[in-house]
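**Student:** from the sequence below, what's the structure:
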Amino acid sequence: MQSGAKWAIGGTLAVLIVAGIRIGLIYRERNAPEKPVAAPVTQKIADDDLVFLKNKRQSSLADAKELNGTALWISAGGQMDYYPATGKHVDYSKTVGTLLGAEKLQVKDFTEQVAPKAATHRVRGGDRQVLMLFTLPASDHPDKVYGVPVGYYESGQYTFYLDEIFFYDDPHQLYKHWGPEIWKAVDSHQVILGMSERETQLALGQVSKSVSNDYGNRLVIYANLGKPMAVTFVNNKATAFRPDQGF
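**Tutor:** Residues are numbered from 1 along each chain as shown. Model prediction:
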């Protein structure tokens, strides 16, 4: 047999062998038992994270006055001092108290006033401070009017913190999944075992400190209006709490 013919036959055989292997692999692949399909990994979203919190982003006094006659609830508990008001004048010299988490307010109006330095530790004074005039429907004096700083006017423009200070909807409804026992503790501004960090913060106030950034697994000390409370959280549940001198 000539050398060329041998090479041709050898090449043909090689092609046939490769084709046979390929056909065999396809056959085995098509007739192999089906592999179970792995279930997609899903991560449960916490109920709190599904709550929609409104933001109104006011940029003018007219924007703020759209809240006149409406109810608001305190989000920034334990931070905002409020003062007595007569007409549209706020008396900065007499602090009535500090607004507490989930407390309900009824908005009456907004006013502008030059603020003393002592009243600018939460909201800066600017050229003029903007104060919200309101009543406390659940208090012993539901018709008495008070003022609380909510923004300032400076260099021709307004800056407001209403979105950061208030809930525009009743938090008792927004977070109704917390249940009556938790809400009883929040409204009485106490901590109970099993409360989450968010629930505890609304109950005791936002002024707090911790040496850890591991949210839900750490010790947090809450200022609690001069009665500091240390709360230990494990898996975002309060497992222990005690009075503390940490502030």
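**Student:** for the chain, what spans make up the strands?
**Tutor:** Residue ranges of the strands in the chain, as given by DSSP state E, are 71-74, 81-86, 89-90, 97-98, 104-113, 128-135, 146-154, 157-160, 166-167, 208-209, 219-222, 229-234, 237-243.
**Student:** can I get those in TSV with mean neighbour count and distance to residue 186?
**Tutor:** Heads up, the C-betas are built off the backbone N, CA and C, glycines and all. Converted to TSV, those look like this (neighbours: other Cβ atoms under 10 Å; distance: least, Cβ to Cβ, whole Å):
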stretch	mean neighbour count	distance to residue 186
strand 71-74	20	11
strand 81-86	17	20
strand 89-90	19	28
strand 97-98	16	16
strand 104-113	19	13
strand 128-135	23	21
strand 146-154	22	20
strand 157-160	16	26
strand 166-167	24	12
strand 208-209	16	15
strand 219-222	21	13
strand 229-234	19	14
strand 237-243	14	12
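**Student:** can I get those in TSV including mean pLDDT?
**Tutor:** Output for the strands of the chain, formatted as TSV (pLDDT from 0 to 100):
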stretch	mean pLDDT
strand 71-74	98
strand 81-86	98
strand 89-90	98
strand 97-98	98
strand 104-113	98
strand 128-135	98
strand 146-154	98
strand 157-160	98
strand 166-167	98
strand 208-209	97
strand 219-222	98
strand 229-234	98
strand 237-243	98
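**Student:** export these to a markdown table and append columns for distance to residue 190.
**Tutor:** Converted to a markdown table, the strands of the chain look like this (distance: least, Cβ to Cβ, whole Å):
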| stretch | distance to residue 190 |
| --- | --- |
| strand 71-74 | 16 |
| strand 81-86 | 22 |
| strand 89-90 | 31 |
| strand 97-98 | 16 |
| strand 104-113 | 18 |
| strand 128-135 | 25 |
| strand 146-154 | 24 |
| strand 157-160 | 32 |
| strand 166-167 | 20 |
| strand 208-209 | 15 |
| strand 219-222 | 11 |
| strand 229-234 | 9 |
| strand 237-243 | 9 |
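**Student:** how about those, which one is nearest residue 45?
**Tutor:** Using Cβ to Cβ as the measure, strand 237-243 is the one of those that comes nearest residue 45, at 18.0 Å.
**Student:** the inter-axis angle of that closest one versus strand 229-234?
**Tutor:** Computed with axes from the mean of the first three to the mean of the last three Cα atoms, to 10 degrees, the direction of strand 237-243 lies at 160 degrees from that of strand 229-234.
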